[in-house]
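Undergrad: Structure for this input, please:
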Amino acid sequence: MKTIRVVAAVILKDGKIFATQRGYGAYKDYWEFPGGKIEPGETPEQALIREIREELATEIRVEELLTTVEYDYPEFHLSMDCFICAVLRGKLELKEHESASWLPISRLRDVNWLPADLLVVDRLEKQPKQIMKEI
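TA: The predicted structure follows:
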């Protein structure tokens, strides 16, 4: 099975987490943490900064690795490095996503997450106070 390496940003602000809704592809309308594929020669952190700039017209600061998710979709294996991030500049403009929302940890399950991203939600719910202090 083909492995796809991606990165995702868990962007924190004022006790809330930024979530985006896919506007394209086989998983259209599912919610995810924004990010994308790692290009050859990029570190995961560099890829994440580039992806957020491209998808959301925003500059972020990558704080630290939260978790790495390994998940088997029917078509491929996903390896996703998820980082705690903060906004440096920009207004998180949606360039590719259908919708977005700032959600408190207690309301993360109000949206329909992609299966791999749901594993990140599980991680966030296990240690909410520690995670929210990291910014």
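
Undergrad: which stretches of the protein form helices?
TA: Under the criterion DSSP state H, the chain carries helices at the ranges 44-56, 115-126, 128-133.

Undergrad: Quick check: buried residues in the first one?
TA: Just to be clear, that refers to helix 44-56. Neighbour counts over helix 44-56 (16 or more other Cβ atoms under 10 Å) mark 44-45, 47-52, 55-56 as buried. Bear in mind the C-beta positions are built from the backbone N, C-alpha and C, glycine included.

Undergrad: Specify which member of those residues is nearest to N112.
TA: Proximity of these to N112, judged by Cβ to Cβ, is greatest for E55, which lies at 19.6 Å.

Undergrad: Count residues in the vicinity of the closest residue in space to V6 that isn't next to it in sequence, would you?
TA: Leaving aside its sequence neighbours, V6 sits nearest to M80 (Cβ to Cβ, 6 or more residues apart in numbering; 4.9 Å). M80 has 24 neighbours, counted by other Cβ atoms under 10 Å.
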